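**Q** got a structure for you, letters missing:
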């Protein structure tokens, strides 16, 4: 066995309301891809709920409690202008982080699993220690990274984020930790306003590659080759994690970067090569953004197909 999928039917129940970009159709699209062709051979496991203790390892405990208390008995509430909780959101927000913890357990266990893709929603990389934003409630990938350190004794974890929006929340959780590393390629200037090249972390453990609007494949690949990949190589992680946002695809309605599915495949191959050299190929990939259903389907298929080639 090489590639495993974690997901759950409850991800569809996170109801953000009519017209919201982070909608249930996104996970339907993901499931359609994973249920087709060669992807059908992949084992899919149900994502468990993260515990409050797992969440509070990276989020402030009062914030975790406040979010869970804020889940309404009916209708919806807004945690910020873009981030919504519905009466059916509790399971989804807990399982989105729980999936990543379970994925970490799987790749670091003895089942022979090389990598895991977490097909989850809502996304997580904008969520800060005590703040929801940008569709994100809990920072799924950061929760998983800390779980790797606390449960499995993993010393060095690298997170690479190629979502079109800067992962401000993940950076905030990494920048003070010398044994964590974060790299991001993203449109800039753009939401959420962070991610300037000068933001290097407090231990030189952050690499930001801002990309101008209408950047294409060449600039993206140069940024990866010149900055991200050498930095991950030098960090020499014991576990590599990917914030796999596909909203830099040229069809995406929320951004202005013009990547193709093959760019995500290429980035995945390059990251897998680094992982083979430093951590036995162990990768946990976590779905972030992607709001064109066609772009999401194409990019996801390209990404997972490369993971399967491990």
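**A** Thanks, I have it. Every value quoted in this text rests on a predicted model; they were computed, and no experiment measured them.
**Q** For this structure, give me the ranges with low pLDDT.
**A** Applying pLDDT under 70 to the chain flags the ranges 1.
**Q** in it, which spans are helices?
**A** In the chain, the helices defined using DSSP state H lie at 24-34, 52-56, 61-70, 90-107, 140-152, 168-174, 217-223, 229-235, 261-279, 293-308.
**Q** can you put those in TSV and add mean neighbour count?
**A** Bear in mind the C-beta positions are built from the backbone N, C-alpha and C, glycine included. Shown next, in TSV, are those (neighbours: other C-beta atoms under 10 Å):
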stretch	mean neighbour count
helix 24-34	19
helix 52-56	19
helix 61-70	15
helix 90-107	26
helix 140-152	25
helix 168-174	26
helix 217-223	17
helix 229-235	17
helix 261-279	19
helix 293-308	21
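**Q** Adding distance to residue 188, write those out as JSON lines.
**A** As requested, those are exported to JSON lines (distance: least, C-beta to C-beta, whole Å):
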{"stretch": "helix 24-34", "distance to residue 188": "24"}
{"stretch": "helix 52-56", "distance to residue 188": "29"}
{"stretch": "helix 61-70", "distance to residue 188": "27"}
{"stretch": "helix 90-107", "distance to residue 188": "26"}
{"stretch": "helix 140-152", "distance to residue 188": "20"}
{"stretch": "helix 168-174", "distance to residue 188": "12"}
{"stretch": "helix 217-223", "distance to residue 188": "11"}
{"stretch": "helix 229-235", "distance to residue 188": "18"}
{"stretch": "helix 261-279", "distance to residue 188": "18"}
{"stretch": "helix 293-308", "distance to residue 188": "20"}
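**Q** These: which one's closest to residue 77?
**A** helix 61-70 (5.7 Å; C-beta to C-beta).
**Q** Does the closest one pack against any helices or strands, and if so which?
**A** Here helix 61-70 touches helix 52-56, going by 3 or more C-beta pairs under 8 Å, 6 or more residues apart in numbering; DSSP states H and E.
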